[in-house]
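Trainee: coordinates only, sequence not included:
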């Protein structure tokens, strides 16, 4: 039975409420309905074909495996995927998209003959509850419907269908200019059937939506193509009803192939807030930035002292972690997890990241929100009593708590930005007391988190290990870029945490032994950290080196411009959940920084 493709073999399509991943051979191996965090109806990505898939492509000859598309692309600056196969009998095109939702969520697939006469096969195997439940499939008024518990999925097509091996098949042939459409629509099973789809109207509307959305972008620099594709990806990962942005549309794609570092990323992390707001605002997307801020305020409202590091896409707090034991895992990487136990961790850095996000919104002129200022003051009052406690840190370690330097730096950021808010006259607060607090945090970090002998900040107080999050020290304004301690830290990270290609891992891991994060196994280069290094190099004047690193990072994108969370330097593969917002946001930021500095090639 064919296994899932390489992570970079997948394309993303979505409707700003959920998303599907489609492999080069025309197989949809992942789709959760109706939301990003709903149960998957196609979970073959994390198991086998028995766990659900939808393959649409040229009919294999004999026992041959389905062949990958000869070429594929997004239609212009959109999320409409076009895959073409050149076969012995001719050429065929399959267009896949999910219309921005106005009613039932839909996945539309249009087959079009280009030349010759090409035999085609659609094989649709729906398995609800992450591949666990076989639905009841039957016909209703010439429509095929699959029902299990609260869910129903309706298939509409102008091709004949038949059932075999608990799978719905269609076999047909297309000639030049002929088109055959397939649409699946989700509906709660107790409601009346969803309306009949109009695939070509939906296609036209979807193309118009993306054309108008991309036209708002104010960036016209030399890296426009990767910036636009990253912005489209961020938009696709936005849950439109609330404005929350998922870290990725997948769960349990491994950071280490065959290992245990497999997490559910279909939630919204507060630490993404500041950098995402910055990217959106600096590229002209004020509506998205405003929606993101409003999501943030709703999620945190009522209990800011118990700030979580992440929330559900509508602001849910309960994200309990469980394991799906019936799924074999991507390339044997188990366990497969849903939910995320890290939601209950103490990570003091999020107070800084939330405050930085609110500061950016204020500084860039988003319409004032009075609660944002009240919230900011509440967060600092909490930090006054807790900033000097150990925590799990930015990387959500599952080992013992430590005094992570990055957490303390972000506590300083929270206090610093709030002081600036008070100084602007927008709110009142104990200015002198908080200035003293800011100075105390800064002094403590420089005394306890800095290794004088090696001229570098360290991962935690008294440790020898480094951490790539230290690259944010100059970007957050904790120290100026030309400070010798900043330069020393950048150079130490290059020496000790860089791969031979110059990419950056987050921190040292211990292979078969449990490391600082409490887990066995290693991981790849963390792409966000690698972009941070390029930023820092530009900030300290090494702009040519920054540009070269940035362009090497761009070369890691797949053929459609998408990035996972990490890059495995040994296997030369993308690893981790895909596509990853936390990779695409710093790509945008680094492109903007290099453009402003003039550090780009011809």
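Mentor: It's in. Treat the numbers as computed from the prediction; the structure is a model and nothing was measured.
Trainee: now for the protein, the helix or strand with the poorest mean pLDDT.
Mentor: Least confident element among the helices and strands of the chain, by mean pLDDT, DSSP states H and E: helix 272-282 (a mean of 84).
Trainee: in the next helix or strand after that one, which residues are buried?
Mentor: As assigned by DSSP states H and E, the chain's next helix or strand after helix 272-282 is helix 286-300. Residues of helix 286-300 classed as buried: 286, 288-300 (neighbour count, 16 or more other CB atoms under 10 Å). Heads up, the C-betas are built off the backbone N, CA and C, glycines and all.
Trainee: same question for stretch 249-268.
Mentor: 249-257, 259-268.
Trainee: now, those that are in strands?
Mentor: residue 268 (DSSP state E).
Trainee: before we move on, back to that, quick one: the least confident helix or strand of the chain to helix 286-300, angle?
Mentor: 160 degrees (axes from the mean of the first three to the mean of the last three CA atoms, to 10 degrees).
Trainee: helices or strands up against helix 272-282?
Mentor: helix 224-236, helix 286-300, helix 349-363, helix 581-597 (3 or more CB pairs under 8 Å, 6 or more residues apart in numbering; DSSP states H and E).
Trainee: make it 7 Å
Mentor: helix 286-300, helix 349-363, helix 581-597 (3 or more CB pairs under 7 Å, 6 or more residues apart in numbering; DSSP states H and E).
Trainee: report the angle between that helix and helix 581-597.
Mentor: 40 degrees.
Trainee: so where is the stretch 1-150 of the chain shaky, pLDDT-wise?
Mentor: For the stretch 1-150 of the chain, the stretches with pLDDT under 70 are 1-3.
Trainee: quick check: next helix or strand after the helix or strand where residue 120 lies?
Mentor: Per DSSP H and E, residue 120 falls inside strand 118-125. Downstream of strand 118-125, the next assigned helix or strand under DSSP H and E is helix 128-131.
Trainee: how far is that next one from where the chain is centred?
Mentor: In terms of CA atoms, centre = their mean, to the nearest Å, the gap separating the centre of helix 128-131 from the centre of its chain is 22 Å.
Trainee: just stretch 303-310 next, same as before
Mentor: Counting by CA atoms, centre = their mean, stretch 303-310 comes out at 21 Å from the chain centroid.
Trainee: what does it rub up against?
Mentor: Stretch 303-310 is contacted by residues 267-271, 300, 317, 319, 340, 342-343, 345, 347, 350-351, 375, 378-379, 382 when judged by CB atoms under 7 Å, 6 or more residues apart in numbering.
Trainee: ok, now which ones touch the nearest residue to residue 328 once chain neighbours are set aside?
Mentor: Leaving aside its chain neighbours, residue 328 sits nearest to residue 47 (5.1 Å; criterion: CB to CB, 6 or more residues apart in numbering). For residue 47, the contact set (CB under 7 Å, 6+ apart) comprises 131, 327-328.
Trainee: from residue 327, how far out is residue 47?
Mentor: 4 Å (CB to CB, to the nearest Å).
Trainee: kindly report the same for residue 409.
Mentor: Distance from residue 409 to residue 327, by CB to CB: 39 Å.
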